[in-house]
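K.L.:
I'll drop the sequence and a predicted model, then ask my questions.
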Amino acid sequence: MSQRVALEASHAVAEAVRMADVDVISAYPITPQTHIPERLAEMVANGELNAAYIPVESEHSALSTCLGAAAVGARTFTATAGQGLELMHEVVYIASSMRYPVVMAVCNRALSAPLNVWGDHSDAMAVRDTGWIQVFCQNGQEAFDLTLWAFRVGEDPKVLFPVMVHLDGFTLSHVTEPVILPEQSEVDRFLPRFQYPFALDPDKPMTHGAFGPPDIYSETKLAQEVAFRKSKKVILQGWQEFGDIFHRYYHPVEEYKTEDAQTLLLTMGAFTETAKIVIDERRDKGESIGLISLRLWRPFPFEEFRQAVKGAKVLIVFDRCISFGLGGPVFAEIRSALYDEEPRPKVVGIIGGLGGRDMSEEDFDYVINRGREIAEKGSDRILETVNIR
Amino acid sequence: MKAQAVKFGEKLVPTKEFLAEGHSFCIGCGEALALRLACKALGKDVIIANATGCIEICTSPLPFTSWRVPWIHTLFENTAAVISGVEAGLKTLTKKNKRPVRDIKCVAIAGDGGTSDIGIQALSGAFERNHEFLYICFDNEAYMNTGVQRSSATPYGASTTTAPAGKFSIGQITRKKNMVAIAAAHDIPYVATACPSYRFDLMKKVRKGAEVKGPAYVHILSPCPTGWRYSTELTVKIGQLAVQTGIFPLYEIENGRYRLNADPPKLKPIEEYLKLQGRYRHLTGEQIERIQEMVNEDYAKLKKKVAASPM
């Protein structure tokens, strides 16, 4: 029998890693990620999980260690946040380009300077081009579910890409919620053993990581992009299988009360749940408004996204990050994704929730009102923001 | 003469090559010679993690490879972390009955820059965590792969492209970082120096390092005709002179005990070593004298440690 328990979202991630029977965990402590590796270290120490826990000396080494372990066929996991993700940045590219299906939880955190350990999406946006499959969680249940799903999809022989599971620092990572934990037998049915087809083996010597001169580098990169886009099929299949076993079905783009909505709000991550309350209130008042949330961030779900916004007049994109000199990064991508659509909604972007700044229901009310205003009259500001002095 | 050499070699050196022909090392490369011998010493049951550098570049241009053993290269500074993962992965998979019990040596290889500069943090971490692996530093005393830029392993007085000798500079103004002492400071069970001019000694040390329980470190001086600017046929001789002058002594530190493997009754003057190399061409008599003093000092320090070690 599955059981419903109160779990901190970080611990829900750790539970998923335990039930996935991971072989090697390598991590370096950084706020707000610490509760994940702490719980895993505890599980290894008291025998709940049969794995190697490697307490490395940096995030760069945390992911590098996972590369080595994955190269010999081990199921691997690491977790980080903010500066840690920045420090491992070059290794992030290696994991995807060398096709090691490492699973990494990122408790999204702002980037220094000034130093700030609280949540926003700056760290996630800095790695959006790295070739990892990336998903954003809204709550503790998703943190558990998507972590488990990440192993299933990343390790699929047709995929072999690393997967990043984003959960907002503090506003999700440190929140205790009811989480349904499945039976181990159900997990085993969902997640087969990792059979890495290219494991380093003295009986079948293989060269991993040869260098690519100009006459071959472009071809390797194109092949990577083709394989990455094709992973979408297994991503969807993984969610279907997940739903069939655990009865929770996930989709790349979550549509919430979008039917016939003239105005759409777009969010990612934990603030989606706050925004939903505002949508409910406005729907109750008879407003034509809905919400879409991007769960799958990479590969970008073009098809599902375009379908989700069809018919809307205004699309307000809420960003928790500034791309300096450009604006909101999600906003910029969304607008580009809709450029060829006819008709398409007017797309406006508003930035807020930086470095742990809270977003209340009133703040989302402002986002919606201001968004509609900009859509109608345009904006004369350098940057449209919410709750920033 | 040829037949005799082969017969002689057969008894001491395995004839099987794990590093295939067709690589692109420079003519007279001391590192290639050292690597070839190290691979023979390691044998078939090995996984090698390689840092970015000369060895990596000269053995792996896609779609070709010179490696007849499993080999992984990812980045420059993380090789000790990658081999940590390889070792932990193999151990855990074996423990969980996901792979058969088998003794596979985990070996990390890197140049002096990848070891004593950019890779030192990952290396120190891997030593401290007590992974069972051998780390081999192929020291050619500068960033040769990128065109002879100075590293912390470049010796005092050598001219490189980023610490060139000039009117106001002797070239390298700092003393060579003592990586062997740094490795030994981690209290790991085995640390040694080697040089391909002393091939049997090199192979013995690589084998020892691979077999010891816990981390091991072997630091191999790898003469480089391109960067040190000497005639390509002199590689072996220059390696011999490095040892005979005492600027690169051959020694081992086993469980904290120091032992010199070659201790000539009288060291040759350092000038004999320096004068063959273009990187030292600018040195004055006085400067050479200063280097001689440094060598004497360092050698005396080492001898003290040897004398203080119980037999």
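P.N.:
Received the coordinates, thanks.

K.L.:
Quick one: end-to-end distance for stretch A:264-278.
P.N.:
Taking C-alpha to C-alpha, to the nearest Å, stretch A:264-278 runs 12 Å from one end to the other.

K.L.:
how about it: buried residues?
P.N.:
A:264-272, A:274-276, A:278 (16 or more other C-beta atoms under 10 Å in any protein chain shown). All C-beta spots, glycine's among them, are computed from the backbone N, C-alpha and C.

K.L.:
now do stretch A:318-333
P.N.:
Buried residues in stretch A:318-333, counted by 16+ other C-beta under 10 Å: A:318-323, A:327-333.

K.L.:
need the contact list for the one residue in chain A that gets nearest to chain B.
P.N.:
Chain B sits closest to A:Gly68 of chain A, with a gap of 2.7 Å, by C-beta to the nearest C-beta. Counting by C-beta atoms under 8 Å, 6 or more residues apart in numbering or on different chains, A:Gly68 touches B:Ala49, B:Ile72, B:Ala81, B:Val82, B:Ile83, B:Ser84, B:Gly85, B:Val86, B:Glu87, B:Ala88, B:Gly89.

K.L.:
re the thing from before, can you pick out the ones from the buried residues of stretch A:318-333 that are in helices?
P.N.:
Taking DSSP state H, the ones among these that sit in helices are A:Pro329, A:Val330, A:Phe331, A:Ala332, A:Glu333.

K.L.:
follow-up on the earlier one: if any of the contacts of A:Gly68 are buried, put those into a PyMOL selection.
P.N.:
Applying 16+ other C-beta under 10 Å to those leaves a buried subset, and the PyMOL line that selects it is:
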select buried, chain B and resi 49+72+81+82+83+84+85+86+87+88+89
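
K.L.:
can you map out the helices along the chain?
P.N.:
This is for chain A. Using DSSP H, helices in chain A cover A:9-19, A:35-45, A:59-71, A:82-87, A:89-97, A:122-126, A:140-154, A:184-190, A:214-246, A:271-284, A:302-309, A:329-338, A:361-377.

K.L.:
Let me rephrase: I mean chain B.
P.N.:
B:2-12, B:30-42, B:54-59, B:79-95, B:112, B:120-128, B:179-184, B:199-211, B:225-228, B:235-244, B:270-274, B:285-308.

K.L.:
Could you find the closest non-adjacent residue to the residue of chain B found nearest chain A?
P.N.:
Closest contact between chain B and chain A, by C-beta to the nearest C-beta, is at B:Gly85 (2.7 Å). Leaving aside its chain neighbours, B:Gly85 sits nearest to A:Gly68 (2.7 Å; criterion: C-beta to C-beta, 6 or more residues apart in numbering or on different chains).

K.L.:
Can you name the residues that contact the residue nearest to the spatial centre of chain A?
P.N.:
For chain A, the residue sitting closest to the mean C-alpha position, by C-alpha atoms, centre = their mean, is A:Val135 at 2.8 Å. A:Val135 sits next to A:Leu146, A:Ala150, A:Val163, A:Met164, A:Val165, A:His166, A:Arg295, A:Leu296, A:Trp297 when contact means C-beta under 8 Å, 6+ apart.

K.L.:
just those residues now: which is nearest B:Cys39?
P.N.:
B:Cys39 lies nearest to A:Val163 out of the contacts of A:Val135, by C-beta to C-beta, at 36.1 Å.

K.L.:
Confirm for me that that closest one is in contact with A:Val103.
P.N.:
Yes. In this structure, A:Val163 is within contact of A:Val103 by C-beta atoms under 8 Å, at 5.2 Å.

K.L.:
any weak-confidence spans in chain B?
P.N.:
Residue ranges of chain B with pLDDT under 70: B:1-11.

K.L.:
any idea which residue of it is furthest from its center?
P.N.:
Residue farthest from the centre of chain B, counting by C-alpha atoms, centre = their mean, is B:Asn97 at 36.0 Å.

K.L.:
Give me the contact list for stretch A:4-16.
P.N.:
Stretch A:4-16 has contacts (C-beta under 8 Å, 6+ apart) with A:33, A:35-36, A:39-40, A:43, A:79, A:105, A:107, A:137, A:139-141, A:143-145, A:147-148, A:165, A:167, A:172-181.

K.L.:
Pretty sure B:Thr115 sits against B:Cys137.
P.N.:
Yes. Between B:Thr115 and B:Cys137 there is a contact at 4.2 Å, judged by C-beta under 8 Å.

K.L.:
State the pLDDT value of the residue nearest to the centre of chain A.
P.N.:
Turning to A:Val135, the model gives it a pLDDT of 98.

K.L.:
Quickly list what it is bridged to.
P.N.:
Taking DSSP bridges as the rule, A:Val135 bridges to A:Val165, A:Leu296.

K.L.:
Would you mind naming what in the stretch 101-250 of chain A lies close to chain B?
P.N.:
Residues of the stretch 101-250 of chain A lying close to chain B (C-beta under 8 Å from any C-beta of the partner chain) are A:193, A:200-202, A:204-213, A:216, A:220.

K.L.:
So what's the residue count around A:Ala143?
P.N.:
34 (other C-beta atoms under 10 Å in any protein chain shown).

K.L.:
Ignore what I typed, I meant A:Ser379.
P.N.:
There are 14 residues near A:Ser379, going by other C-beta under 10 Å.

K.L.:
Quick check: closest non-adjacent residue to it.
P.N.:
Nearest one to A:Ser379, counting by C-beta to C-beta, 6+ apart, is A:Val348 at 7.6 Å.

K.L.:
What count of nearby residues applies to that neighbour?
P.N.:
23.

K.L.:
give the contact list for it.
P.N.:
Contacts here follow C-beta under 8 Å, 6+ apart; on that basis A:Val348 touches A:Val314, A:Leu315, A:Ile316, A:Val317, A:Phe331, A:Gly371, A:Ile374, A:Ala375, A:Ser379, A:Glu384.

K.L.:
State the pLDDT value of the fourth one.
P.N.:
Just to be clear, that refers to A:Val317. Value listed for A:Val317 in the pLDDT field: 98.

K.L.:
For the closest residue to it other than its chain neighbours, list the residues it contacts.
P.N.:
Among residues not flanking A:Val317 along the chain, A:Phe331 sits closest, at 4.1 Å (C-beta to C-beta, 6+ apart). A:Phe331 makes contact with A:Val317, A:Asp319, A:Val347, A:Val348, A:Gly349, according to C-beta under 8 Å, 6+ apart.

K.L.:
Let's have those residues in a markdown table, adding distance to B:Gly22.
P.N.:
Formatted as a markdown table, the contacts of A:Phe331 follow (distance: C-beta to C-beta, whole Å):
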| residue | distance to B:Gly22 |
| --- | --- |
| A:Val317 | 54 |
| A:Asp319 | 52 |
| A:Val347 | 56 |
| A:Val348 | 60 |
| A:Gly349 | 55 |
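
K.L.:
Show me the two of those residues that sit farthest apart.
P.N.:
Pairwise distances across the contacts of A:Phe331 (C-beta to C-beta) peak at 12.0 Å, for the pair A:Asp319 and A:Val347.
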